[in-house]
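**Q** What follows is a predicted protein model with its sequence.
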Amino acid sequence: MAHRMTRVGGTGAGVLLSACLCLPAASIAGAPPSALLIRFCGECHGDGADEGGVALDQLLAAVPQEAPVADQAARNRWVAVWENIRAETMPPADEPQPSAAERRELLDFVQQRVLGVDPKRPDPGHVVLRRLNRVEYANTIRDLTGITETVGDELPADDTGYGFDTIGAVLSVSPLLMEKYLVIAARVGEHVAVEAVVSTGKDGEPTYPGHLQGLFSFGPPPDDVAARPAHLRDTIRRLADRGFRRPIDEETFARLVAVAERTMADARGSFEKGVAAAVTAVLAAPRFLFRLEGDDPSAPAAPVGAAVPIDEFSLATRLSYFLWSTMPDEELFALARAGSLRHQLHSQVARMIEDRRSDAFVENFVGQWLQTRDVEALPFDVRKVMGIVDRPAGERIFSVEVRRAMRRETELLFAHVLRAGLPATDLLVGRQTFLNEPLAAFYGIPGVGGKQMQLVELPADSPRGGLLTQGSFLVVTSNPTRTSPVKRGLFVLDNLLGTPAPPAPPDVPPLEEAASTLGADASMRELMELHRRDALCASCHARMDPLGLALERFNAVGQWRTDESAGGVDTAGRLITGETFADVRELQAAIAGPRRRDFHRCLTEKLLTYALGRGLEYFDGPVVDTIIDQVEEDGRLLALVEGVVGCVPFQMRRVTD
């Protein structure tokens, strides 16, 4: 949305807009929100101009007088307008800009008047029934039964949506997957029966192996035969309540008890085999495999489309799978039973983050947000990348151990910033990181010994510091034989600024064609300039390439280039919003400084998507803005997590029937 007009009203776009909205032309000077759109964007998107296929005067003319826009195609165009205004990518940085108050007016106008979003009545959205993904499934079996077999490795990889494998819409169940669930359930039950060998404890009382004591929390059956049925029922009720993550109904409970009793009769009274049969039945049940949710029983009945609070057992489940990737623990269950979890969310989030089970959140969220899951498996031609003739020697330098340390560096930094109450922007501009001796040697940082990852204060002259200089980021954004400024720039736009570029047009020639034209001595910047001369490519590359070129001093496997050719790399650039930078250090400072709100918004949207199990919609805007405002005031990464847990979409659901 560019603007080159210096006059508003009277003729041209101003008169056309007035006619469209039945406003007097003089009111344009008063800058109502609809007029602001034409004032700042009309040169390119009004009065017959429709750059990018966006004609704002036509869109405004189609807005009903007393209702939001209903046509889906028009709504999608308005959402794009709203996103560009919010990200400050429009109007372009070299054009006159609305003030902060005017931009807020524009956003409120599009969001509330055009799209019909009511900030006072947030829409929690709709999430389809969510199956446990394979990580959650394996962790839940471990915590429910005590059996630590890596059952997740037997399951097919989960599909992903919006970058995450927690998205309900893609977590389908095929006949093959269901068959595998049944096989695993039966085998885990068999393990329980075999491993539940009663021994004598220190006090002389019979007891079960430590890893099964949670499953057999009431101990072996009593000597009193008359008391044994109640003991069996207590054991199975606890199993089912925990496995289904809410109190079991009596009908289902009776069926599970019958399964156990029948097995005990066939096994000559073996209590352990009876419980094992109940374990198999629970693990194969839909209420175990899926995260079923209920409404708060104290909430009044609500019509279809209304937002209602979920019950506390559902809230406990959402919280535990968000922060631990597994079932709730005893404390969460106890609070849910007492109806007091919602009032203690703040303290529970702090407790759960401090608990090492939250390492699963760090590994699974960071592993997908920043793609660190891929670091250890990506193929590289180390001879071309590192200039080493001896391939085995190169692979010893860029070893599996170094790759693993790269992944851990990023995960441990995120965990440290989260648990230490540090600002989220420390992920970008902090001068600390986690290294061990192999990774420090690979980076050329002295003074780090041992194979254990440790918190290290980076030397003042080190080019390292922040996510963009970490090996994990540099590796996952490279090609097998060379760096990729486009991949690196696009990654920054997608995952740090939240302003992704549109997909590349078909039949784009590879960068190597530019190399054949300019010669082998051409710099990466020269190759990129030739590559993007096509007008169809130029606008997107103008957004991506400067960000990627700022990282050209790092090679494809994350080493700092010290050779002569690297010294001539031009790493200076400019964000589409106008901020300039000389190198990667200044780029990160720009994102953490003047573009800090964009970074907070992007991270908020990623966390919400991961936690809610759905992609975000335009109606989530007020919720996202509220969380961002909290984080902008507080600063801590932990405040962002607390904001996600405390928001309407996390605690409520939309009534659909």
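**A** Nice, I can see it. Numbers count the residues shown, from 1 in each chain.
**Q** Give me the neighbour count for the residue nearest to Glu642 when sequence neighbours are not counted.
**A** Closest residue to Glu642 apart from its sequence neighbours, by C-beta to C-beta, 6 or more residues apart in numbering: Val349 at 5.5 Å. All C-beta atoms are positioned from the backbone trio N, CA, C, and that covers glycine. Applying other C-beta atoms under 10 Å, we find 20 other residues in the vicinity of Val349.
**Q** For the helix or strand containing Val349, which helices and strands make contact with it?
**A** Element membership for Val349 (DSSP states H and E) is helix 345-354. If you count contacts as 3 or more C-beta pairs under 8 Å, 6 or more residues apart in numbering; DSSP states H and E, helix 345-354 packs onto helix 312-323, helix 330-338, helix 400-419, helix 637-646.
**Q** In it, which residues are buried?
**A** The neighbour-count check on helix 345-354 (16 or more other C-beta atoms under 10 Å) flags 345, 348-349, 352-353 as buried.
**Q** Ok, stretch 220-229 next?
**A** In stretch 220-229, counting by 16+ other C-beta under 10 Å, buried: Pro221.
**Q** Export that stretch to PDB, keeping only CA atoms.
**A** What follows is stretch 220-229, C-alpha atoms only, in PDB (Å, rounded to 0.1, in the frame of the first residue of the first chain):
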ATOM      1  CA  PRO A 220      -0.500 -56.000  46.700                       C
ATOM      2  CA  PRO A 221      -3.900 -57.400  47.500                       C
ATOM      3  CA  PRO A 222      -4.600 -57.800  51.200                       C
ATOM      4  CA  ASP A 223      -4.600 -61.100  53.000                       C
ATOM      5  CA  ASP A 224      -8.300 -60.700  53.900                       C
ATOM      6  CA  VAL A 225     -10.100 -62.300  51.000                       C
ATOM      7  CA  ALA A 226     -13.200 -60.200  51.600                       C
ATOM      8  CA  ALA A 227     -11.300 -57.000  51.200                       C
ATOM      9  CA  ARG A 228      -9.800 -58.000  47.900                       C
ATOM     10  CA  PRO A 229     -12.600 -56.900  45.600                       C
END
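**Q** I'd like to check what contacts that stretch. Which residues are they?
**A** Residues from elsewhere that reach stretch 220-229 (C-beta atoms under 8 Å, 6 or more residues apart in numbering): 198, 206-208, 231-232, 271.
**Q** Specify which member of those is nearest to Glu83.
**A** Nearest to Glu83 among those: Tyr208, at 56.5 Å, using C-beta to C-beta.
**Q** Quick one: neighbours of that closest one, just the number.
**A** 21.
**Q** Contacts only, for it.
**A** Taking C-beta under 8 Å, 6+ apart as the test, what Tyr208 contacts is 196-199, 215-216, 219-220.
**Q** So what does it look like in phi/psi?
**A** Main-chain dihedrals, Tyr208, degrees, to the nearest 10: phi -100, psi 160.
**Q** Please apply the same query to Val63.
**A** Phi and psi for Val63, reported as degrees, to the nearest 10, are phi -80, psi 120.
**Q** related to what we said a few turns ago, roughly how far does the residue nearest to Glu642 sit from Ala611?
**A** With the distance defined as C-beta to C-beta, to the nearest Å, Val349 ends up 12 Å from Ala611.
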